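Undergrad: no sequence on this one, just coordinates:
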Ligand SMILES: Nc1ncnc2c1ncn2[C@@H]1O[C@H](COP(=O)(O)OP(=O)(O)OP(=O)(O)O)[C@@H](O)[C@H]1O
């Protein structure tokens with residue numbers, strides 16, 4: 001490693017993390033944690049399902065905390081918060097609740113049910129469905145029973161489900177309903193390890209061998225003695241795998257990220273300490289579970305952080321992202337809320353649309369208040385604590401009402417993460433006195449690696465490294481930018497059965513290579529500037545990260561919904577653009593109608609367009625000219641000619657999860673888009689010798 005590489009470590013937050021040297025502690029020292037039997041020559045990674053790894057423990061500080069299993073974490077939660085409400089779910093319009101004690105008992109019963117149905121050690125329990133108490137109970141039950149909890153994206157096709165279930169050698173699959181069941185039935189014959197399918201919602205439409213209801217699973221569990229389960233639980237070690245997170249495949253085939261008990265229990269503790277979560281006995285945190293649980297961010301927040309600190313998780317309705325989330329938030333009034341960037345963007349679009357319909361006077365007041373809010377909060381961000389009179393007035397007239405309307409009136413922790421968010425969205429919420437704090441991490445880091453805090457954040461930075469972990473900027477350029485490497489007990493065990501990929505990801509010294517490019521500012525805030533996996537290397541050899549260009553385009557041209565810059569091995573940059581349009585709430589498919597914001601944009605430039613189809617293919621010269629103007633403005637800011645976008649096309653349809661262009665956390669699947677729009681892209685480069693600003697019409 002180069003000498004000038006920069007290592008960034010979180011200043012001591014809770015204890016003497018300080019400048020401790022990293023030491024790989026022989027796990028055999030941790031008698032208390034039943035690691036004694038673990039061989040001392042363990043590596044820091046493995047690809048084998050039944051193997052264990054060395055933990056990256058330190059001599060002091062958060063990284064020195066004794067490792068614990070999931071069961072130990074849960075037992076501790078039951079002792080501390082036994083009668084507190086752990087889970088709340090709606091049934092026939094009424095909220096039902098489970099205390100920590102009840103939750104624990106249900107997990108044990110599910111675990112025994114899995115054992116009875118034939119779950120073998122280190123085999124998967126696939127869970128395919130929307131967030132619910134059963135999802136959590138199945139996840140934890142699988143772990144207690146010695147298997148792996150394996151969340152599957154609800155948007156997966158039957159083939160994609162098959163890929164995951166085969167890879168983890170699943171013995172059991174839990175499905176939400178008849179629709180999800182059909183996917184499994186289609187591939188059941190090709191899953192030799194599969195022994196049982198359990199449907200947790202709705203009545204079974206037909207009886208089949210090895211198909212059970214949730215009630216039947218729990219009934220099965222009653223027949224297994226507690227001692228049998230306890231024996232399995234006590235044989236588990238913190239440095240063994242308990243969960244597989246399958247990556248969503250933005251860069252290729254999904255990989256099974258093996259997370260150990262310690263990865264999860266330690267990360268929940270360290271992240272909670274970093275954001276100064278309070279235990280339920282002091283003040284109970286309330287969260288709403290709605291993000292896909294097969295993704296690590298939702299699991300870490302909704303299941304593990306909540307368990308560690310005794311919070312309550314309320315379950316949103318399955319149509320949360322189609323609109324009902326807003327009502328759930330108003331009802332539940334969470335104290336912490338995490339949204340992927342698209343969730344915040346959607347909220348922003350909706351608020352703008354509502355604002356546009358209000359009276360002139362209301363709009364003027366809102367606009368004034370937003371100015372005050374942005375100014376005050378930017379000053380706060382930079383360390384001042386201004387509370388000018390006008391801010392108090394704006395708070396009373398606007399900010400409080402907005403928060404209440406969003407159900408965020410008692411939410412002190414609004415977070416975004418999992419993908420890049422635009423400055424425009426962050427500033428929009430900041431101006432409404434809702435700072436949205438960014439966090440950054442990956443499945444391979446058990447979730448968070450850096451976090452922003454109310455007293456330590458910078459707009460567009462994803463914060464500072466969490467307690468007990470380290471960041472290294474690998475091979476930084478003159479600007480201090482390089483690949484972001486992670487160190488800490490949150491670093492995953494390896495990819496199941498993928499040695500080459502694991503070695504590409506964890507280097508010989510044990511650092512996790514994120515594949516992201518970033519740099520620190522002089523205060524230690526991390527900024528992500530690109531992804532190596534996405535880096536464009538032009539035919540002329542210039543390395544160009546596309547994300548900053550894409551963000552700049554979106555910011556400059558408000559009608560643009562998605563951008564994909566192209567140019568790898570090409571002579572110049574081009575891009576595909578989509579317009580902001582309404583989405584069919586049932587199918588998630590983008591529609592032809594433009595959003596209110598997009599229509600407003602058109603009106604401002606004198607266009608009468610209401611639909612995408614009225615614009616694409618050069619039909620609306622005004623919109624094309626306005627976009628070209630925006631592209632020119634972004635090009636003027638670029639640091640080299642190679643970074644200028646020379647050609648672009650508007651696509652007839654926005655990107656979506658349903659369409660396959662976006663992953664479940666709304667990240668762009670570049671290889672998919674490249675394939676889908678190959679003709680348009682090739683068209684850009686037909687006459688590549690003399691790039692011009694001609695625009696290729698889309699389909
Ligand atoms: N705050 C953030 N800002 C920008 N990018 C982020 C942020 N948080 C996460 N990311 C991006 O998400 C990546 C991690 O993605 P994650 O582990 O969730 O995988 P995934 O979405 O399942 O897909 P895949 O691994 O296939 O890309 C990071 O490496 C980074 O590129």
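TA: Arrived safely, thanks for sending. Quick caveat: nothing in here was measured; it's all calculated off a predicted structure.
Undergrad: report the longest helix in the protein, please.
TA: Ranked by number of residues, the top helix in the chain under DSSP state H is helix 360-381.
Undergrad: Next, count neighbours for residue 459.
TA: Using other CB atoms under 10 Å, residue 459 has 16 neighbouring residues. Just so you know, the C-beta spots here come from the backbone N, C-alpha and C atoms, and that holds for glycine as well.
Undergrad: Identify the residues contacting it.
TA: With contact taken as CB atoms under 8 Å, 6 or more residues apart in numbering, residue 459 is in contact with 378, 381, 423, 426-427, 430.
Undergrad: Just give me the least confident of those.
TA: In terms of pLDDT, the weakest of these is residue 423, which scores 89.
Undergrad: ok, so what distance separates that residue from residue 579?
TA: With distances taken as CB to CB, to the nearest Å, residue 423 is found 21 Å from residue 579.
Undergrad: Also residue 429?
TA: Counting by CB to CB, the gap from residue 429 to residue 579 is 23 Å.
Undergrad: next one: residue 270
TA: Counting by CB to CB, the separation of residue 270 from residue 579 is 42 Å.
Undergrad: contacting residues around the longest strand seen in the chain?
TA: For the chain, the longest strand by residue count, based on DSSP state E, is strand 512-520. Residues outside strand 512-520 that contact it (CB under 8 Å, 6+ apart): 6, 8, 251, 442, 444-445, 449, 471, 473-474, 476, 479-487, 491-492, 504-507, 526-533, 535, 545.
Undergrad: chain center to that strand: distance?
TA: Centroid displacement of strand 512-520 relative to its chain, using CA atoms, centre = their mean, to the nearest Å, is 17 Å.
Undergrad: Which single residue in the stretch 1-150 of the chain comes nearest to the ligand?
TA: residue 150 (13.7 Å; CB to the nearest ligand atom).
Undergrad: quick one, phi psi at that residue?
TA: Per-residue torsions, residue 150: phi -130, psi 100 (degrees, to the nearest 10).
Undergrad: for the longest helix of the chain, packing partners?
TA: The contact analysis (3 or more CB pairs under 8 Å, 6 or more residues apart in numbering; DSSP states H and E) places helix 360-381 against helix 341-357, helix 389-394, helix 423-431.
Undergrad: Give me whichever of those is most buried.
TA: helix 423-431 (a mean of 20; mean count of other CB atoms under 10 Å).
Undergrad: Just the element for residue 575, please.
TA: strand 573-579 (DSSP states H and E).
Undergrad: related to what we said a few turns ago, tell me the bridge partners for the residue lying closest to the residue of the stretch 1-150 of the chain closest to the ligand once chain neighbours are set aside.
TA: Across the structure, with CB to CB, 6 or more residues apart in numbering as the measure, the residue nearest residue 150 apart from its sequence neighbours is residue 124 (4.3 Å). In this structure, residue 124 bridges to residue 148 when assessed by DSSP bridges.
Undergrad: what about residue 124, how many neighbours?
TA: Other residues near residue 124 number 30, with proximity taken as other CB under 10 Å.
Undergrad: what's near enough to touch it?
TA: Applying CB under 8 Å, 6+ apart to residue 124 gives the contacts 142, 147-148, 150, 165, 168-172, 244.
Undergrad: Sort out for me which of those are in strands.
TA: Among the contacts of residue 124, the members falling in strands (DSSP E) are 148, 150, 172, 244.
Undergrad: Format those residues as CSV; extra columns: pLDDT and neighbour count.
TA: Shown next, in CSV, are those (pLDDT from 0 to 100; neighbours: other CB atoms under 10 Å):
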residue, pLDDT, neighbour count
148, 98, 27
150, 98, 28
172, 98, 31
244, 98, 25
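Undergrad: and which of the residues you listed is nearest residue 357?
TA: residue 150 (45.4 Å; CB to CB).
Undergrad: how close does the residue minimising distance to the centre of the chain sit to the ligand?
TA: The geometric centre of the chain, computed from its C-alpha atoms, lies nearest to residue 418 (CA atoms, centre = their mean), at 3.5 Å. Here the distance between residue 418 and the ligand works out to 5 Å (CB to the nearest ligand atom, to the nearest Å).
Undergrad: can you confirm that residue is in a strand?
TA: No - assessed with DSSP: H, G, I helix; E, B strand; the rest coil, residue 418 is coil; it does not lie in a strand.
Undergrad: Next, the contact list for the spatially closest residue to it that is not a sequence neighbour, please.
TA: Computed as CB to CB, 6+ apart, the closest residue to residue 418 that is not its neighbour in sequence is residue 665, at 4.3 Å. The neighbourhood of residue 665, defined by CB under 8 Å, 6+ apart, consists of 248, 291-292, 295, 297, 340, 418-419.
Undergrad: try residue 264
TA: Under the criterion of CB under 8 Å, 6+ apart, the neighbours of residue 264 are 70, 73, 242-243, 300, 304, 446.
Undergrad: The ligand contacts on this structure?
TA: Taking CB under 6 Å from any ligand atom as the test, the list of the chain residues beside the ligand reads 247-251, 417-420, 438, 440, 442-443, 462, 514-516, 528, 531, 663, 665, 667.
Undergrad: Bridge partners for the closest residue to residue 656 other than its chain neighbours, pull those for me.
TA: The spatial neighbour of residue 656 that comes closest, neighbours along the chain excluded (CB to CB, 6+ apart), is residue 590 at 5.2 Å. Bridge pairing for residue 590 (DSSP bridges) gives the partners residue 583.
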